[in-house]
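K.L.:
my questions are about this predicted structure, shown below with the sequence.
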Amino acid sequence: APFQFTILFAACIAVASAGLIPAAAPLAAVAQVEEYDPHPQYTYGYDVKDAISGDSKTQVESRDGDIVQGQYSLNDADGYRRIVDYTADPINGFNAVVRREPLVAAVAAAPAAVVAAPAPVVRAAAPVAVAAPLAAPIVRAAPLTAAAYAAPAPLAYAAPAPLVKAAVAAPVVAAGPAIVKTQFASPLISYAY
């Protein structure tokens with residue numbers, strides 16, 4: 001069997017050398033044509049509002065040629081919403097304006113209600129030669145009562161439990177130098193240390 005293979009191999013070489021089998025034509029180079037858009041245009045956006053994790057973020061962006069404009073926002077961990085407006089063009093490069101807004105609007109204290117006292121009612125009586133001056137109405141407040149006050153309960157403090165150190169045996173170390181031998185060998189390189 002090995003002898004037959006050798007004869008077959010030698011015959012193939014002889015036929016190829018004699019030119020009886022045409023040589024394979026060279027493969028033509030296949031060029032990949034990439035599309036080029038001289039004026040790219042797009043607009044996209046997304047909005048994520050996850051009630052379970054509290055994740056909330058948005059982004060919108062548009063491009064017209066070399067000019068890109070967009071905005072994105074996200075909730076920071078410190079309770080603020082970060083909003084970034086950005087633009088990019090070949091003349092000014094990339095520019096961003098960052099704003100921060102609190103997630104919870106500040107609650108303004110409601111103004112105290114102003115209650116106007118009713119104007120005293122004056123009834124005209126029969127004309128009198130000299131009118132007596134009118135006295136302002138007397139307003140008396142309800143007596144103040146002492147509110148019940150209870151002192152807070154005293155704080156209880158318990159000292160931490162004392163630390164108990166357990167005896168641990170020292171590691172056993174063999175006397176004498178530690179010697180490690182390393183050896184590596186391959187057909188081309190030999191290394192020993």
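P.N.:
Noted; the coordinates are in hand. Numbering: from 1, shown residues only.

K.L.:
just checking, what packs against whichever strand or helix holds Val48?
P.N.:
Taking DSSP states H and E as the definition, one finds Val48 inside strand 41-49. Packing partners of strand 41-49 (3 or more CB pairs under 8 Å, 6 or more residues apart in numbering; DSSP states H and E): strand 56-64. The C-beta positions use only the backbone N, C-alpha and C, and glycine is treated the same way.

K.L.:
what angle do strand 41-49 and the strand it packs on make with each other?
P.N.:
Interaxial angle of strand 56-64 relative to strand 41-49 (axes from the mean of the first three to the mean of the last three CA atoms, to 10 degrees): 180 degrees.

K.L.:
got the buried residues for strand 56-64?
P.N.:
Buried residues in strand 56-64, counting neighbours by 16 or more other CB atoms under 10 Å, are found at 61, 63.

K.L.:
and the contacts of that strand?
P.N.:
39-50, 68-75, 81 (CB atoms under 8 Å, 6 or more residues apart in numbering).

K.L.:
check which element follows it along the chain.
P.N.:
strand 67-75.

K.L.:
that next one to strand 41-49, inter-axis angle?
P.N.:
Between strand 67-75 and strand 41-49, the angle comes out at 0 degrees (the same axes, to 10 degrees).

K.L.:
rounded mean pLDDT for strand 67-75, please.
P.N.:
Per-residue pLDDT over strand 67-75 has a mean of 95.

K.L.:
which helices and strands does whichever helix or strand comes after that strand pack with?
P.N.:
Moving toward the C-terminus from strand 67-75, the next helix or strand (DSSP H and E) is strand 80-89. Under the contact criterion of 3+ CB pairs under 8 Å, 6+ apart, strand 80-89 touches strand 67-75, strand 93-102.

K.L.:
export the helix or strand hosting Ile13 as CSV, just CAs?
P.N.:
Secondary structure assignment for Ile13, by DSSP H and E: helix 2-18. Below are the C-alpha coordinates for helix 2-18, written out as CSV (Å, rounded to 0.1, in the frame of the first residue of the first chain):
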residue,chain,number,x,y,z
PRO,A,2,2.8,2.6,0.8
PHE,A,3,4.5,1.7,-2.5
GLN,A,4,1.2,2.3,-4.5
PHE,A,5,0.9,5.7,-2.8
THR,A,6,4.4,6.7,-3.8
ILE,A,7,3.9,5.8,-7.4
LEU,A,8,0.6,7.7,-7.5
PHE,A,9,2.2,10.8,-6.0
ALA,A,10,5.1,10.6,-8.4
ALA,A,11,2.7,10.3,-11.4
CYS,A,12,0.8,13.4,-10.2
ILE,A,13,4.0,15.4,-10.0
ALA,A,14,5.1,14.3,-13.5
VAL,A,15,1.7,15.2,-15.0
ALA,A,16,1.7,18.6,-13.3
SER,A,17,5.3,19.3,-14.4
ALA,A,18,4.5,18.3,-18.0
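
K.L.:
I figured Asp76 was touching Arg82, is that so?
P.N.:
Yes: using CB atoms under 8 Å, Asp76 is in contact with Arg82, at 5.4 Å.
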